[in-house]
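Peer 1: Fold the following.
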Amino acid sequence: MAQSTYIARKGDDADFAAVTCNSLTVNRATAAAAGATTIYGLATQSTTALTGTLRGVRGNAIALVASADGTAEGVTGRAANAASATAVTGCNLDTARGGSFLVVGAGLSSSGPAVLEKAQAIYGQLDIDAANLTVSDARGLYINVQSGNADSNTLTACNLAYLEYESVVGTAPAINSAIKIAGVGGYTAATSLIDASTFKTAVHDTDQVTLFKFTNDQGTVVTCSYDRGEGAFAFATAPA
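Peer 2: Residues are numbered from 1 along each chain as shown. Next comes the predicted model:
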């Protein structure tokens, strides 16, 4: 029978072992075909009302000495179909996710509804408001997709960002917008709303580049392109 070791903060649960260590490595080379969890964090609040923040898992990386060439990462996730990024022994795999987050909103049938004021599947905060601080490159959200070897790799579809609204029970209610950009407080106006000046799009019809596509009220896909020769936007129902 496999042996399980539970680690908890001293005093939290008498049935758990209190362990203090500088480094902890959990290695499970073989897992069941149905899947397994190597490290599992569980926090529940069931007696008094929660007024603070309940965390299942928390990572904290702090640099306390000048480190011009260093990087601090609070949490790192990795999923792969091989032992390393340079391995040539990759295997077939349906889905790989470096990180996965889920917010579950449950209703209250007896005397509902249950009220969930804010539901945020992913929340990130970049705090750079300190005095005497210089930040050379601040990015609230940074997604880096790496690819190459176009002559030998097959990239069927790739989107740097993919947003999806799915109806799973009946018809889902209307949403306000697919993307919303908001400003709060006395901030200085941005230089531009969207800057794609270093991103290329394929040319079609000699001197046009596709900017975006959308579906009109009749269900027809409309393509909006920039026509360099005319110096204007061009809309067409035929795909570019």
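
Peer 1: from here on, contacts and neighbour counts on C-alpha atoms
Peer 2: Will do.

Peer 1: Tell me where the protein has strands.
Peer 2: Assigned by DSSP state E, the strands in the chain fall at 7-8, 17-18, 203-204, 208-215, 221-227, 232-236.

Peer 1: The longest one - which strands sit beside it in the sheet, and in what orientation?
Peer 2: Okay, so that is strand 208-215. strand 203-204 (antiparallel), strand 221-227 (antiparallel) (DSSP bridges).

Peer 1: got the residue ranges for the helices in this protein?
Peer 2: With DSSP state H, there are no helices along the chain.

Peer 1: lowest average confidence, helix or strand, in it?
Peer 2: Using mean pLDDT, DSSP states H and E, the weakest-scoring helix or strand in the chain turns out to be strand 17-18, at a mean of 54.

Peer 1: Could I get the contacting residues of Gly41?
Peer 2: Contacts for Gly41 (C-alpha atoms under 8 Å, 6 or more residues apart in numbering) come out as Gly56, Val57.

Peer 1: gap between it and Ala61?
Peer 2: From Gly41 across to Ala61, the span is 18 Å (C-alpha to C-alpha, to the nearest Å).

Peer 1: Give me the contact list for stretch 217-225.
Peer 2: Outside of stretch 217-225, the residues within contact range by C-alpha under 8 Å, 6+ apart are 208-216, 233-240.

Peer 1: could you flag which of those are buried?
Peer 2: Buried subset of these (neighbour count, 16 or more other C-alpha atoms under 10 Å): Gln208, Val209, Thr210, Lys213, Ala234, Phe235, Ala240.

Peer 1: Farthest pair within these?
Peer 2: Taking C-alpha to C-alpha as the measure, those span a maximum distance of 14.0 Å, between Gln208 and Lys213.

Peer 1: Reformat the strands of the chain as TSV; add distance to Leu116.
Peer 2: Formatted as TSV, the strands of the chain follow (distance: least, C-alpha to C-alpha, whole Å):
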stretch	distance to Leu116
strand 7-8	29
strand 17-18	34
strand 203-204	46
strand 208-215	32
strand 221-227	36
strand 232-236	41
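
Peer 1: do you know how far Tyr40 is from Pro113?
Peer 2: Tyr40 is 31 Å from Pro113, where distance means C-alpha to C-alpha.

Peer 1: now Arg78
Peer 2: For Arg78 relative to Pro113 (C-alpha to C-alpha), the value is 38 Å.

Peer 1: Centre-most residue in the chain?
Peer 2: Nearest to the mean C-alpha position of the chain, counting by C-alpha atoms, centre = their mean, stands Ile122 at 6.2 Å.

Peer 1: ok, now which ones touch that residue?
Peer 2: Phe101.

Peer 1: can you check Arg28 too?
Peer 2: Thr38.

Peer 1: What confidence value was assigned to it?
Peer 2: On pLDDT, Arg28 comes in at 71.

Peer 1: Ala36 too?
Peer 2: pLDDT, Ala36: 83.

Peer 1: any idea of the mean pLDDT for stretch 85-103?
Peer 2: Stretch 85-103 comes out at a mean pLDDT of 91.

Peer 1: should've said stretch 43-61
Peer 2: The average pLDDT within stretch 43-61 is 92.

Peer 1: Can you give me the buried ones in that stretch?
Peer 2: Result for stretch 43-61 [16+ other C-alpha under 10 Å]: no buried residues.

Peer 1: List the contacts of it.
Peer 2: By C-alpha under 8 Å, 6+ apart, stretch 43-61 touches Gly41, Leu42, Ala72, Glu73, Gly74, Val75.

Peer 1: Give me the distance between Asn132 and Ala189.
Peer 2: Computed as C-alpha to C-alpha, the Asn132 to Ala189 distance reads 22 Å.
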